[in-house]
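**Q** here is my input; please provide its structure:
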Amino acid sequence: ADGGMVTMSAQAVTDVIKSVVNQDGVIRAQSMAERNGVVVLSGGPEGIVSVSGTIDASGHQTPSPLEGEGQGEGGLKGGTVQVTGQYVGLFGATVNASGDAGGGTVLVGGDFQGKNPEVKNAFRTYVSSDSTINADAITNGNGGKVIVWADDITRYYGNISARGGAQGGDGGFAEVSGKRLLDFKGKVDMGAQNGAAGTILLDPLNITIADAAGAGAGDGGLVGSTLAFTTNSGGTSVLGQDTVEALGGAVILQATQDIIVEDLTENELNFASATSVVFQAGRHITFQGAATDALKVLSGTSVHLEADTPHSAGGSAAADGVGTLTIGAITSAGNSAVTLIAADFALSGTITAGSGNIAIGTSQNTALTLGTGGILLDSELDFLSSSGTVTVGQAATKGTNGAGAGAVTLTATTLTVASALSTPGTITGTLALTGNSIVISGNVTTANSTTGGTPSGNISLTADTTTLALNANLTTGNAAVVDTAGSESATTGNIA
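**A** Purely as a prediction, here's the structure:
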């Protein structure tokens, strides 16, 4: 049915006889010049869909009679594959929605975060270690979209590829998750030879990154639908350190409740292939080995850690003032932007951004106090290291999908410096204190250790909507005081 639609479906007819779709041959609905192929396997609301054969919805160039193979009309995009039912399993399956001009779409068990009412969500989904899902762009164009979803548990041990075209194009998007539990020990390739790498999103209820390989590799010997779809009463998805570190491109870990990184034997969580790293948790983000462990990234790789996120994994507003970010060091090989958002902070290691910027904000647009009695102590600010701009009091979230959709800028209602702050030469660019209003009640000093402690870093104070009260001294190489909508008051301090 090239260029058309192939549909296999079964509906439950009684409470005793349930619907079953078993596919172990070849289904082909390749794209044609006029339209892309569509394959739909549906088991209905109480059905089991088991795929162990090949589904081909690929799109390839059609040769012109006057031209050689592959020299036709510019190529085609991959088509669409949907595999849905109450229980959905890929057992040694091959699903191909690649295309010469761009990857197609593969939906196994549901669409993005299970929120598309037009696509039936699976209750449990299974992908075996010898199953492959391909949504690559072969020649030009972007990689496609791959979703593996279940409302309860997803067990994923397979292989996903949604690469950008060899001659140009970005990597695609993949989400692999169960809304409650995710067992993730597979591989995902979102790379691009001549473009930007794509995005991988893992977003269950809770995430724990286990020391080393965690629960191990492979699919645990699960065979057949009975074991593949078995229950699990736990509420935490345990991901092996090695599996997480192997993820490349834009890596997003998003938990409705908590993200925990166990105390690591290697003392680092090393994202050696990531272009950006995003952690979002509805409550806490905790590195249990914060005193010794580091999150390590390449030069240019941004790091965004967001506890008490205003965006839950389901996309709704969730910030409630409960969420602590507990981390040790963040180590970058060079220019890396770092964003830290939480209701409270517990920093115990150097946050290194090189020439990149650092932004720290509260999760609810609430008051932010620095120094004694505040949620950021002077000793914690001393861990910040950047020759760029360090902004305290304002930061942008990553949105509902962890990649920008619905992102908002959070600004402290009142930023108060309650006691003396002194940067020990680690902030050699600009320290920017930002809030709707600012009250400076403790001396603020920037110093560059390379010049013997002589103040040389910059200080920028920005009150967005109300007042700026300077009741203590600013000692800096170059200070800028900005009050865009209010007025300065009680200005008894000095700028030096």
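**Q** leaving out the residues flanking it, which one is nearest to residue 347?
**A** residue 380 (4.2 Å; C-beta to C-beta, 6 or more residues apart in numbering). Every C-beta, even on glycine, is put in place using the N, C-alpha and C of the backbone.
**Q** tell me which helix or strand comes right after whatever helix or strand the one you found lives in.
**A** In this assignment (DSSP states H and E), residue 380 forms part of helix 378-381. Per DSSP H and E, the first helix or strand lying C-terminal to helix 378-381 is strand 384-385.
**Q** so which elements touch that following strand?
**A** strand 351-352 (3 or more C-beta pairs under 8 Å, 6 or more residues apart in numbering; DSSP states H and E).
**Q** now do the strand it packs on: distance to the chain's middle.
**A** 20 Å (C-alpha atoms, centre = their mean, to the nearest Å).
**Q** helices or strands next to that strand in the packing?
**A** Here strand 351-352 touches strand 329-332, strand 384-385, going by 3+ C-beta pairs under 8 Å, 6+ apart.
**Q** buried set for the helix holding residue 380?
**A** The neighbour-count check on helix 378-381 (16 or more other C-beta atoms under 10 Å) flags 378, 380-381 as buried.
**Q** reformat the residues you listed as CSV; add distance to residue 398 and pLDDT.
**A** Output for the buried residues of helix 378-381, formatted as CSV (distance: C-beta to C-beta, whole Å; pLDDT from 0 to 100):
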residue, distance to residue 398, pLDDT
378, 28, 90
380, 22, 92
381, 23, 90
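**Q** I'd like the helices and strands packed on strand 351-352 as JSON lines, with mean pLDDT and mean neighbour count appended.
**A** Formatted as JSON lines, the helices and strands packed on strand 351-352 follow (pLDDT from 0 to 100; neighbours: other C-beta atoms under 10 Å):
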{"stretch": "strand 329-332", "mean pLDDT": "92", "mean neighbour count": "22"}
{"stretch": "strand 384-385", "mean pLDDT": "91", "mean neighbour count": "22"}
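**Q** ok, residue 471 to residue 418 distance?
**A** 11 Å (C-beta to C-beta, to the nearest Å).
**Q** packing partners for the helix holding residue 380?
**A** strand 344-347, strand 421-424.
**Q** of all those strands, which one comes closest to residue 409?
**A** Closest approach to residue 409 among the helices and strands packed on helix 378-381 (C-beta to C-beta): strand 344-347, 18.6 Å.
**Q** just checking: what are the partner strands of the closest one?
**A** According to DSSP bridges, strand 344-347 forms sheet pairs with strand 324-327 (parallel).
**Q** centre of the chain versus the partner strand, how much separation?
**A** With C-alpha atoms, centre = their mean, you get 17 Å for strand 324-327.
**Q** centre-most residue in the chain?
**A** residue 252 (1.5 Å; C-alpha atoms, centre = their mean).
**Q** quick one: low-confidence parts of the stretch 151-300 of the chain?
**A** Judged by pLDDT under 70, the stretch 151-300 of the chain has its weakly predicted residues at 213-226.
**Q** strands of that one, start to end?
**A** Using DSSP state E, counting those that start in this stretch, the strands of the stretch 151-300 of the chain run over 153-156, 159-161, 173-178, 181-184, 187-189, 199-202, 207-210, 237-240, 249-255, 259-261, 268-271, 274-281, 285-287, 294-297.
**Q** in its sheet, which strands sit next to the second one, and in what direction?
**A** Counting by DSSP bridges, the strands paired with strand 159-161 are strand 132-134 (parallel), strand 187-189 (parallel).
**Q** in its sheet, what does the very next helix or strand once past the first one sit against?
**A** It refers to strand 132-134. Next along the chain after strand 132-134, taking DSSP H and E as the criterion, comes strand 145-150. Partners of strand 145-150 in the sheet, by DSSP bridges, are strand 105-108 (parallel), strand 173-178 (parallel).
**Q** just send those strands back as a markdown table, with distance to residue 460 too.
**A** Listed next are those as a markdown table, based on distance: least, C-beta to C-beta, whole Å:
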| stretch | distance to residue 460 |
| --- | --- |
| strand 105-108 | 46 |
| strand 173-178 | 37 |
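**Q** want to throw those into TSV with distance to residue 144 and mean neighbour count?
**A** As requested, those are exported to TSV (distance: least, C-beta to C-beta, whole Å; neighbours: other C-beta atoms under 10 Å):
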stretch	distance to residue 144	mean neighbour count
strand 105-108	6	26
strand 173-178	8	26
